[in-house]
Structures are given as C-alpha cells and as structure tokens.
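> Next come a sequence and a model predicted from it.
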Amino acid sequence: MRVLYFAWLREKLGTAAEDLAIPPRVATVGELIEWLKATSPRHAAAFAGENIVRCAVDQEFAAADAPIGSAREIAFFPPVTGG
Amino acid sequence: MQEADFDAGAELRRLSDHAAGGIGSFIGIVRANPEAPRRVTALTLEHYPGMTEKALAKIAAEAEARWTLTGCTIIHRVGRLLPGDNIVFVGAASPHREAALAATAFLIDWLKTAAPFWKNEEYSTGETEWVAAREADERAARSWDDSR
C-alpha cells in the first residue's frame, strides 16, 4: 500500500511517500496509525499528536474509524490551511 | 489549480453572460502583517496532487447543487508566493444576487477546510512555520451544514 505524507508530517518523517506491506489485521485508519508508530521512533514522533493528524483514503477524507480495506493510497497530513 | 497568477478581470468576464443577473467574487491575497513582530516574507502552498482536483470539483458541484448558478470558478495557486500576490479566486454567477453572494461565501469557506492545501510561511527573522488551522474557519464551513 502506498502511504503519502504532507506538510509538517512529511518533514518530520523525512519522506513524502512509502510503499508498505501492511498486515491484514490492520483494518482502520486508527489502527494503521498505531501500526505506523511501531515501525520506527521517527514515525512514533511524527504521529505523537495523532489527534491533529488528518487522513485521506484513496483521495477522500477519512476518519480514524474508516476502513482501509483494499485502498491503494492512504495519505496523512495536518488540518488543511488553503484558501 | 495553478502556479501562475490569474487575471481576476478576465475571470469575471468569463462568468458574465446573458443569463447571469450578477456575479459574486472573492480574491484571497498573501498578507504581510507588517505590525507583527515577525513579518511574513513569503508563503509556500503545498497540495495533494490528484486529490486537490477532486476536492475542488466536489466543492463546485456542491455550490451548484445548493444554488442556481450560471457559472462557478475556483482558482487556487500553489508554490511560493510573496506578500500582495493573489492566492485564490472564487466566483459565482447567478440570475439573482442572493445566490451569487451566498455561493461565493460558501466556496471560500469550504475551500479553507475541504481541500488539501497547506501553507508554509517564511518570516523576516529567517524562521519558517506551517500555518495552523483556525477553529473559526472550521466553524464558518460547518455553518453551511445547518443552512442547507
């Protein structure tokens, strides 16, 4: 699965995208965040304030309880500040 | 969505036709906040290619579903911008002014909360910072949920 990061999340992780083999037991956005935090100290630090991190599953905004199912692309980012 | 500047006059002319009784528009520009202890010297807009286009189309479709519009335009710039530069143009044309003005306000309120853009500010002190989302913007966007 392709995981994308934007804005300060991208900077904290030092990468804009990762291709990850996510185990099938990881079923929701919230569970994916927990799993990512366990992959490295850098991920744990980047997601430390996870209640502020927003997500999109296949380019649609998604809440923490949203299923990730067979998504191709999951993105994490801070609250948006356009306009 | 584009890096290049836009011509607001040309965009307004594009929205003007015989069916439109009026056109509402809003232009967002980079603010220098000269009174602040650290001045903003530049602003870089990052976005999520692919999702941004979908989000903007969805916002425009939502405006067209809520009001009778003869035209609707959203232009959002990305990349590095300087104080005074244009960031965003929204415009809505309608047979009636209420719809044109309300749709314009809706477009910019939703653009601030429902499209994947992030602002990074550069300051006169040499520091840079990601702009934090404002609760007031979230409230403004949500207020349209009740008025449906």
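Done, it's in.
> Can you pull the phi/psi pair for residue A:22?
Backbone geometry at residue A:22, expressed as degrees, to the nearest 10, gives phi -90, psi 130.
> Same question for the one 4 residues further on.
According to degrees, to the nearest 10, the main-chain angles of residue A:26 amount to phi -80, psi 100.
> Quick check: it vs chain B, distance?
Using CB to the nearest CB, to the nearest Å, residue A:26 is found at 22 Å from chain B. To be clear about C-beta, it is placed using only N, CA and C from the backbone, and glycine gets the same treatment.
> Correct me if wrong: that residue contacts residue A:33.
No - the criterion here is CB atoms under 8 Å, and residue A:26 misses it with residue A:33 at 9.6 Å.
> Once you drop chain neighbours, what's closest to the closest residue to chain A within chain B?
Closest to chain A within chain B is residue B:117: 2.7 Å, counting by CB to the nearest CB. Distances taken as CB to CB, 6 or more residues apart in numbering or on different chains place residue A:82 nearest to residue B:117, at 2.7 Å, with adjacent residues excluded.
> how about that neighbour, secondary structure?
What DSSP: H, G, I helix; E, B strand; the rest coil gives for residue A:82 is coil.
> dump the residue contacts of the closest residue to chain B within chain A.
When scored by CB to the nearest CB, chain A has residue A:82 as its residue closest to chain B, at 2.7 Å. Residues in contact with residue A:82, defined by CB atoms under 8 Å, 6 or more residues apart in numbering or on different chains, are B:45, B:47, B:76, B:88, B:111-112, B:115-119.
> what's the answer for residue A:25, then?
When contacts are counted by CB under 8 Å, 6+ apart, residue A:25 touches residue A:31.
> on that earlier part again, can you report how many residues neighbour the residue of chain B closest to chain A?
25 (other CB atoms under 10 Å in any protein chain shown).
> need the contact list for residue B:87.
Taking CB under 8 Å, 6+ apart, we find residue B:87 in contact with A:83, B:28-30, B:43, B:45, B:76-77, B:81.
> In terms of helices and strands, where is the nearest residue to it once chain neighbours are set aside?
Among residues not flanking residue B:87 along the chain, residue B:28 sits closest, at 4.4 Å (CB to CB, 6+ apart). Assessed by DSSP states H and E, residue B:28 sits inside strand B:22-29.
> helices or strands up against the helix or strand following that strand?
Of the helices and strands lying after strand B:22-29 in sequence (DSSP H and E), the nearest is strand B:40-47. Contact analysis of strand B:40-47 by 3 or more CB pairs under 8 Å, 6 or more residues apart in numbering or on different chains; DSSP states H and E lists strand B:79-81, strand B:117-123 as its packing neighbours.
> Just give me how far strand B:40-47 sits from the chain centre.
Relative to its parent chain, strand B:40-47 has a centroid offset of 15 Å by CA atoms, centre = their mean, to the nearest Å.
> Now do the buried residues in whatever helix or strand comes next after it.
Using DSSP H and E, the next helix or strand after strand B:40-47 towards the C-terminus is helix B:51-66. By 16 or more other CB atoms under 10 Å in any protein chain shown, the buried positions in helix B:51-66 come out as B:51-52, B:54-56, B:59-60, B:62-63.
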